[in-house]
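1. Need a 3D model of the sequence below.
(one chain, ligands or ions: 1)
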Amino acid sequence: MRILWRGDEGYEQARLDVVWHARKPDRYPDGIAFAQGRQDVVDAVRLARERGLKVKARSGGHSWTASSVRDGGLLIDLSGLGAWAVDADAGTAMVEPGAKGRDLNEGLAEHGLFFPTGHCPTIALGGFLLQGGWGWTSRALGPACMSVTAVDVVTADGELVHASETENPDLLWAARGAGSGFFGVVVGYHLRCHPRPASMMRSIYAYSLDEAEELMRWAHAMQPEWPAALELQFLGSFPRNPDASPAAEGDAMIMVIGFALFDSEEESVAALRLLETAPVRDKALVVEACVPSTLDELYELVDSYARPEVAYAGDSLWSDDGADELVPAFLEMVRDMPTRWSYVLWWPWVPQALDGVALSVTGKHYISPFSGWADPADEAEVAAWPGEHMRRLDHLSKGIQLADENLLGRPDARYMTDENAARLEALRATWDPEGRFHSFLFGDARAAAGGATSA
Ligand SMILES: Cc1cc2nc3c(=O)[nH]c(=O)nc-3n(C[C@H](O)[C@H](O)[C@H](O)COP(=O)(O)OP(=O)(O)OC[C@H]3O[C@@H](n4cnc5c(N)ncnc54)[C@H](O)[C@@H]3O)c2cc1C
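-> Coordinates of the predicted model:
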């Protein structure tokens, strides 16, 4: 297995390359190991043990805070473990952590199957499933980790173990929602797949901020009527050029994006037609209603929101509050976006029971602000922006989503129920008593306070 140690030729480029977007951390692992198979991961963890090094894994590098890149220790790059295999008769699949969502769904399509992968096509399943997995049709199917039936994990003592409901169930519990706080390296996920929706359609509307208040209040009032398989994203953003870069001119606006993934065209059309009932519909600046689509087109559409050549900071909140609180809060952020690459998402959610999994914070509404900057000189001014707004709105927040976590900037944010967070730490003490694995990336403040889960 190739390992680049700090000081080796190629180390610095590899350290930069493990992070998907352009905000590269000022943190330096002692070494980066490029695993090509399970045995390499076992060997890497054992080597780290021998040398007294901490360990952190990396699958697709899509963590906004680059939580896989730490000071010191061995970073195990799992992008070489990208295989998957389908059992079409059983409707199941086994995927390695470096596999990408779009590739998996392309393979499943041949068998009429589907999996709620992340909306962006290049997110690896490794980190996506660990943190919960808010994917395509998750409003109907649940967070993707609810469709994980078993995991294969390399533990702190360098052993490869299987965890299912009947074998090491605590380890499976933790792997379904602990995200960056997981105390092992997952080398295989066993998935329950779902029937592939026969009809895929999209609608897109753009509204000026003059219409935003009325639009958003209508959207909140309509929320109980939207079918679960209709996915809606309300995005505050600046107008984009055809190449997805922000247009130099034009005010911020609200994009209403509906994705319908149903069993029939009739159901898709009926669901998307609900968007035609907006009281401000006649004032829409852009209308693309009920356009037949493919999953590939839907991935590409979402992929254009955030670009790898741009640096980002993000944050999030789940809330059960109503329109009176959330609409002004959302619109204040949209009006305050610090750069033209920035955007703010409101995602109406259908809360589901989260039994038997570490994942434990959701709500009726998900709000997530992102600041983006193409010029590194802007970082000092805009990187703190999402966290500042989330701190201001803390009274509306039930907690964050680990997908868009900013624990580095807001180490006190609630990422699990107290009960689940305590259970996770108790399991860590059992499975990783020496603290071999780096946990959540809390940053200096909490680490200095000596928190058991500190970086
Ligand atoms: C453009 C973009 C769009 C996104 N869209 C969505 C979305 O639609 N839905 C959603 O839920 N999330 C979304 N996310 C968030 C993303 O799913 C999470 O950041 C996820 O953790 C990324 O997984 P990764 O393997 O690519 O990241 P990485 O940065 O490689 O890993 C993230 C964390 O998980 C740990 N980790 C990764 N793999 C393993 C493993 N095999 N074993 C142990 N620990 C591991 C790492 O140490 C790190 O702390 C998006 C992110 C981006 C950048």
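2. Check whether stretch 148-160 comes near the ligand.
-> No - on the criterion Cβ under 6 Å from any ligand atom, stretch 148-160 is out of touch with the ligand, staying 7.7 Å away. (Glycine included, C-beta is placed from N, CA and C.)
3. tell me which residues in that stretch are buried?
-> Residues 148, 150, 151, 152, 153, 154, 155, 156, 158, 160 are the ones in stretch 148-160 that count as buried (16 or more other Cβ atoms under 10 Å).
4. Next, the distance between the ends of it.
-> With Cα to Cα, to the nearest Å as the measure, the first residue of stretch 148-160 is 18 Å from its last.
5. List the contacts of it.
-> For stretch 148-160, the external contacting residues (Cβ atoms under 8 Å, 6 or more residues apart in numbering) are 38, 41-43, 45-46, 49, 55, 92, 129, 161-165, 167, 171-172, 175-176, 183-192, 431-434, 436-437.
6. Can you narrow those residues down to the ones near the ligand?
-> Okay, of the contacts of stretch 148-160 touching the ligand (Cβ under 6 Å from any ligand atom), that's 185, 186.
7. residue ranges for the helices of the stretch 351-455 of the chain, please.
-> For the stretch 351-455 of the chain, the helices defined by DSSP state H, counting those that start in this stretch cover 379-382, 385-392, 418-431, 444-448.
8. The residue nearest to residue 340 when sequence neighbours are not counted: what's it in contact with?
-> Computed as Cβ to Cβ, 6 or more residues apart in numbering, the closest residue to residue 340 that is not its neighbour in sequence is residue 246, at 3.6 Å. Contact analysis of residue 246 by Cβ under 8 Å, 6+ apart lists 237, 238, 239, 240, 340, 341.
9. now the buried residues of stretch 148-160 as CSV including pLDDT and secondary structure?
-> Shown next, in CSV, are the buried residues of stretch 148-160 (pLDDT from 0 to 100; DSSP: H, G, I helix; E, B strand; the rest coil):
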residue, pLDDT, secondary structure
148, 98, strand
150, 98, strand
151, 98, strand
152, 98, strand
153, 98, strand
154, 98, strand
155, 98, coil
156, 98, coil
158, 98, coil
160, 98, strand
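10. can you name the two of the residues you listed that are farthest apart?
-> 148 and 158 (23.1 Å; Cβ to Cβ).
11. list the contacts for residue 79?
-> So residue 79 contacts 34, 58, 59, 60, 61, 98, 124 (Cβ under 8 Å, 6+ apart).
12. now the buried residues of stretch 148-160 as JSON lines including distance to residue 83?
-> JSON lines is the format used below for the buried residues of stretch 148-160 (distance: Cβ to Cβ, whole Å):
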{"residue": "148", "distance to residue 83": "17"}
{"residue": "150", "distance to residue 83": "17"}
{"residue": "151", "distance to residue 83": "15"}
{"residue": "152", "distance to residue 83": "13"}
{"residue": "153", "distance to residue 83": "17"}
{"residue": "154", "distance to residue 83": "16"}
{"residue": "155", "distance to residue 83": "22"}
{"residue": "156", "distance to residue 83": "25"}
{"residue": "158", "distance to residue 83": "22"}
{"residue": "160", "distance to residue 83": "16"}
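13. Kindly indicate which of the residues you listed lies nearest residue 327.
-> Using Cβ to Cβ, residue 148 comes nearest to residue 327 of these, at 35.2 Å.
14. Now do the closest one against residue 211, distance only.
-> Separation of residue 148 from residue 211 (Cβ to Cβ, to the nearest Å): 41 Å.
15. what separates residue 407 from the ligand, distance-wise?
-> Counting by Cβ to the nearest ligand atom, to the nearest Å, the gap from residue 407 to the ligand is 10 Å.
16. give me every residue that touches residue 128.
-> Neighbouring residues of residue 128 by Cβ under 8 Å, 6+ apart: 60, 62, 101, 117, 118, 135, 144, 403.
17. Help me confirm that it is found in a helix?
-> Yes - in this structure, residue 128 lies within a helix as judged by DSSP: H, G, I helix; E, B strand; the rest coil.
18. neighbours of residue 432, just the number please.
-> Using other Cβ atoms under 10 Å, residue 432 has 18 neighbouring residues.
19. Show the pLDDT at it.
-> pLDDT for residue 432: 98.
20. What of residue 452?
-> pLDDT for residue 452: 39.
21. again with residue 305
-> 86.
22. dump the residue contacts of the nearest residue to it once chain neighbours are set aside.
-> For residue 305, ignoring the flanking residues on the chain, the nearest one in space by Cβ to Cβ, 6+ apart is residue 343 at 6.3 Å. For residue 343, the contacting residues are 235, 236, 237, 305, 337, 369, 370, 372, by Cβ under 8 Å, 6+ apart.
23. where's the dip in pLDDT among these?
-> On pLDDT alone, residue 305 ranks lowest of the contacts of residue 343, at 86.
24. Compare the helices of the stretch 351-455 of the chain and say which comes out lowest on pLDDT.
-> If the helices of the stretch 351-455 of the chain are sorted by mean pLDDT, helix 444-448 sits at the bottom with a mean of 52.
25. which of the contacts of stretch 148-160 count as buried?
-> 38, 41-43, 45, 49, 55, 92, 129, 163, 171-172, 175-176, 183-192, 431-432, 436-437.
26. Looking at these, which are in strands?
-> Those of these mapping onto strands are 55, 92, 163, 185, 186, 187, 188, 189, 190, 191, 192, per DSSP state E.
27. Could you report the distance from the fifth one to residue 394?
-> Put plainly, it is residue 186. Applying Cβ to Cβ, the value for residue 186 to residue 394 is 32 Å.
28. Likewise for the last one?
-> Remark: distance between residue 192 and residue 394 (Cβ to Cβ) = 36 Å.
29. Could you chop this protein up by domain?
-> The chain is divided into the following domains under automatic domain parsing: 2-77, 84-196, 199-404.
30. Out of the contacts of residue 343, which end up buried?
-> Among the contacts of residue 343, the ones that count as buried (16+ other Cβ under 10 Å) are 235, 236, 237, 305, 337, 369, 370, 372.
31. Which secondary structure state does the second one sit in?
-> Per three-state DSSP, the secondary structure class of residue 236 is strand.
32. neighbours of the residue nearest to it when sequence neighbours are not counted, just the number please.
-> Nearest residue to residue 236 in three dimensions, chain neighbours excluded: residue 334, at 3.1 Å (Cβ to Cβ, 6+ apart). Around residue 334 there are 23 other residues, counting by other Cβ under 10 Å.
33. Surely residue 334 touches residue 254?
-> Yes - using Cβ atoms under 8 Å, residue 334 makes contact with residue 254 at a distance of 7.1 Å.
34. Spit out the residues that contact the two alike.
-> Shared contacts of residue 334 and residue 254 (Cβ under 8 Å, 6+ apart): 209, 212, 236.
35. Name the nearest residue to whichever residue of the stretch 201-350 of the chain sits closest to the ligand, sequence neighbours excluded.
-> In the stretch 201-350 of the chain, the residue that lies nearest the ligand is residue 306 (4.0 Å; Cβ to the nearest ligand atom). In space, and not counting its chain neighbours, residue 306 is closest to residue 312: 6.2 Å by Cβ to Cβ, 6+ apart.
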